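# Okay, sequence plus prediction incoming.
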Amino acid sequence: MKTGSSVSPFPEASLSKGGDNQIELPRYHKRAFAHNYHAPFIYHIIIKKRTGFEPFGIVGGDARNPPGTAGCAYIKETVIGQIIAKEIIRIQKTFPILQIYQFKVMPDHVHILLRVKEWSEHHLDHYIASIADNVAASCSIASKRKTSADEIFQPGYCDKPLLLKRNLDDLYRYIRENPHRLAMRQQYPQFFQRVRKLKIGENEYEAYGNMFLFRNPDKEAVKISRSFTPEEKSRKKADWLHSAAKGTILVSPFISKEEKSIRTEAESLGAGIILITHESFPDRFKPAAHDFALCTTGRLLIISLGLPATSKLSRPLCLRMNTLAATLAATLHPG
């Protein structure tokens, strides 16, 4: 069994060079550039399937059933998926310095929660390349055809070091519930639509979520002004929540603490939300956990101004988002 390769599909040379030589890596191929990859650490690894290669698994079960219950969504691994699972488990025997906490083989990618237990002479790349090479070797035997790692996997991988602000239990749950989220998107695609050019007035925006909320004529913009008295704030909040309980869609960037509170209470009443944001959606965008859960019920649409993720939230930008919310709320039949 191979434990490494002289030409790695996961080269350390793929790191950013900085300056004019800066390499812009896809979202699933990013490194934490300030991190020491020889030090003991816990990593969330994501390895992507090469486009055109057979799926690692297929989705089964019903997304309507909560994760962990009878009949819930699951991944039935294909032959290559079973090989990948076996080699992930085996890698910690080949390299006792490693410990696999959890993994999940998905149809087009693999999640691995991996711990490097002590200082390593090898970069993390070495171990990920070893998994890929071992998979390729086993695949060659199973198919009776020479198969290389770069036929199976995309170059590079994404690693997310477990920093202090990240919770290990949250990672366990996120990886474990991946099949549920994929099944939900496949079985209820209307709740996860992505529109790259959504015209509102004279401008175009990006959108993600349930587009039926966009077409609903009963919408109200939520904005707490600094000029509001406490009595006005209280009355406005009561009016919005009363409308939300009757099915009105609330539209807002929900920036201030008070606006966030209104959104939370409206959601508890079963309201639909159109969330305005400034950041453009990355190629493989999925909402964060709370927003994803709201998407699964068809009660969220996110509309973005399409600005770079590095754009700072300024007062003019907040005003622009609130203006968009007001425009959208006042438009009976947008688009």
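Sure, I can see it.
# Where do the helices of the stretch 151-300 of the chain begin and end?
Ranges of helices in the stretch 151-300 of the chain, per DSSP state H, counting those that start in this stretch, are 168-176, 178-187, 211-215, 230-245, 257-268, 289-296.
# Buried deepest among those, which one?
helix 178-187 (a mean of 19; mean count of other Cβ atoms under 10 Å). All C-beta spots, glycine's among them, are computed from the backbone N, C-alpha and C.
# residues in contact with stretch 198-215?
190-197, 249, 272-274, 280-281, 285, 287, 295, 298-306, 324, 327-328, 331, 333-335 (Cβ atoms under 8 Å, 6 or more residues apart in numbering).
# So how do I select the buried members of those residues in PyMOL?
Filtering the contacts of stretch 198-215 down to the buried ones (16 or more other Cβ atoms under 10 Å) takes a single PyMOL command:
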select buried, resi 191+192+195+249+272+273+274+280+281+287+295+298+299+300+301+302+303+304+305+306+324+328+334
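# Now intersect the contacts of stretch 198-215 with the strands, please.
193-197, 249, 273-274, 300-306 (DSSP state E).
# Going by distance to residue 55, which of those wins?
Checking those against residue 55 with Cβ to Cβ, the nearest one is residue 194 at 21.3 Å.
# start to end distance for stretch 34-51?
This stretch, stretch 34-51, spans 30 Å end to end (Cα to Cα, to the nearest Å).
# Where does pLDDT dip in the protein?
1-33, 164-166, 331-335 (pLDDT under 70).
# just to revisit the earlier point, do you know which of the helices of the stretch 151-300 of the chain lies nearest residue 107?
For the helices of the stretch 151-300 of the chain, the distance to residue 107 is smallest for helix 178-187, at 7.4 Å, taking Cβ to Cβ.
# Restricting to C-alpha, output the closest one in CSV.
Taking C-alpha atoms only, helix 178-187 is exported to CSV below (Å, rounded to 0.1, in the frame of the first residue of the first chain):
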residue,chain,number,x,y,z
ASN,A,178,-24.5,16.5,5.9
PRO,A,179,-26.7,13.9,4.2
HIS,A,180,-29.8,15.6,5.6
ARG,A,181,-28.8,19.0,4.2
LEU,A,182,-28.0,17.5,0.8
ALA,A,183,-31.3,15.5,0.7
MET,A,184,-33.2,18.6,1.7
ARG,A,185,-31.7,20.6,-1.3
GLN,A,186,-32.4,17.7,-3.7
GLN,A,187,-35.9,16.8,-2.5
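# residues making contact with it?
In contact with helix 178-187 (Cβ under 8 Å, 6+ apart) are residues 59, 61-64, 66-67, 72-75, 104, 106-107, 111, 191-192, 286, 292, 295-296.
# mind redoing it with 7 Å?
Contacting residues not belonging to helix 178-187 are listed as 59, 61, 63, 67, 72-75, 104, 106, 111, 192, 292, 296 [Cβ atoms under 7 Å, 6 or more residues apart in numbering].
# Against residue 192, how distant is the closest residue to residue 291 other than its chain neighbours?
Leaving aside its sequence neighbours, residue 291 sits nearest to residue 300 (Cβ to Cβ, 6 or more residues apart in numbering; 5.9 Å). Going from residue 300 to residue 192 by Cβ to Cβ, to the nearest Å gives 10 Å.
# in stretch 139-146, what counts as buried?
Applying 16+ other Cβ under 10 Å to stretch 139-146 flags residue 139 as buried.
# and that stretch, how far from the chain's centre?
A distance of 33 Å separates the C-alpha centroid of stretch 139-146 from that of its chain, computed with Cα atoms, centre = their mean, to the nearest Å.
# Residue 313: what secondary structure?
coil (DSSP: H, G, I helix; E, B strand; the rest coil).
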